[in-house]
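S.K.: here is a sequence together with a model predicted from it:
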Amino acid sequence: MKKYAVIVAGGSGKRMGNIIPKQFLLLKGKAVLWYTLDTFLRAYSDLKIILVLPAQHIQKGKAIIESFEVKDRINIITGGDTRFHSVQCGLKEIKEESVVFVHDAVRCLVSVPLIQRCYKNALEHGSAVPAVAATDSIRIVNHACHTVAKREDVRIIQTPQTFLSNIILPAFEQEYTDAFTDEATVVETYGTEIFLTEGEYDNIKITRPVDMMIAERILEERSALKQV
Ligand SMILES: Nc1ccn([C@@H]2O[C@H](COP(=O)(O)OP(=O)(O)OP(=O)(O)O)[C@@H](O)[C@H]2O)c(=O)n1
Ligand SMILES: C[C@](O)(CO)[C@H](O)COP(=O)(O)O
């Protein structure tokens, strides 16, 4: 089956508080976005990437993809005002039956095995959304009241959220609501059940400055392991 990865890098990174959006910040000398692209390119040699960038940072993205020998597998497009709209812009480029990965550019520690598991599960179940069990206690807050949630019932949702194209493409023709925080919510609202697959604790979303430190440490561990 044909494979497309829509890598969304169209955000401005307000919570990171840096003038440069976090997807372009450097980890061990390479941009956060570089690691994400590299892992997807290595996962499948026939996978094509649709890279969604902010209009004002297209040149930065072009400079990053120049370092890949297989840069012809990456197509750059401009994103929208919200993550949903950036994903929607990316999906418009897909014209053939395929398996579609949607991934946050800032989840730069995604692994090849996770991408491949999502692909296999999506082929079998129509979708594959990576999730990990919560490791903190969880409370539901409603104004001044709060109640404890059963931790065993909670999952933390990650990307790459992966779908057969005939499931995700029509779902993204719906009108946007702010309940659409990821692809799973969009597809579910359209009426299709989601299949959860095991995610990875390393697959963090770089959101705040501390996440850059954690990511750098994990990359160091990974390169030390490679040298053994
Ligand atoms: N209009 C947007 C907003 C977000 N994203 C992408 O969606 C992913 C996850 O979003 P998030 O972590 O919220 O990124 P930002 O929107 O950049 O961060 P913040 O909410 O702190 O501003 C990121 O790779 C981000 O670049 C996007 O492509 N287009
Ligand atoms: C898609 C996502 O990464 C799944 O956990 C998450 O919903 C993105 O949230 P954000 O607030 O747009 O970063």
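M.R.: Received, thanks. Worth saying up front: this structure is predicted, and the values here are computed from it rather than measured. Ligands and ions are numbered 1, 2, ... in the order given.
S.K.: burial count for V100?
M.R.: 27 (other CB atoms under 10 Å). From N, CA and C alone the C-beta is placed, and that goes for glycine too.
S.K.: looking at it, it is touching E93, isn't it?
M.R.: No: between V100 and E93 there is no contact under CB atoms under 8 Å: 10.4 Å.
S.K.: could you check whether whichever strand or helix holds P113 is close to ligand 2?
M.R.: Here P113, judged by DSSP states H and E, is contained in helix 112-125. No: on the criterion CB under 6 Å from any ligand atom, helix 112-125 is out of touch with ligand 2, staying 13.3 Å away.
S.K.: find residues that contact each of V100 and E93.
M.R.: Shared contacts of V100 and E93, defined by CB atoms under 8 Å, 6 or more residues apart in numbering, comprise Y4.
S.K.: so where's the longest helix in this structure?
M.R.: If you go by DSSP state H, the chain has its longest helix at helix 209-227.
S.K.: so what secondary structure elements neighbour that one?
M.R.: On a contact count with 3 or more CB pairs under 8 Å, 6 or more residues apart in numbering; DSSP states H and E, helix 209-227 meets strand 26-27.
S.K.: now the strand it packs on: how far from the chain's centre is it?
M.R.: 18 Å (CA atoms, centre = their mean, to the nearest Å).
S.K.: for the chain, what lies in contact range of ligand 2?
M.R.: R83, D104, I157, Q158, T159, T181, D182, K205.
S.K.: which pLDDT value does the model give whichever residue of the chain sits closest to ligand 2?
M.R.: Nearest to ligand 2, among the residues of the chain, is D182, at 3.7 Å (CB to the nearest ligand atom). Per-residue pLDDT puts D182 at 98.
S.K.: how many other residues sit next to it?
M.R.: The burial count for D182: 19, using other CB under 10 Å.
S.K.: got the buried residues for the helix or strand containing L33?
M.R.: Taking DSSP H and E as the definition, L33 sits inside helix 32-43. Neighbour-count burial for helix 32-43, counted by 16 or more other CB atoms under 10 Å, picks out V32, L33, W34, Y35, T36, L37, T39, F40, L41, A43.
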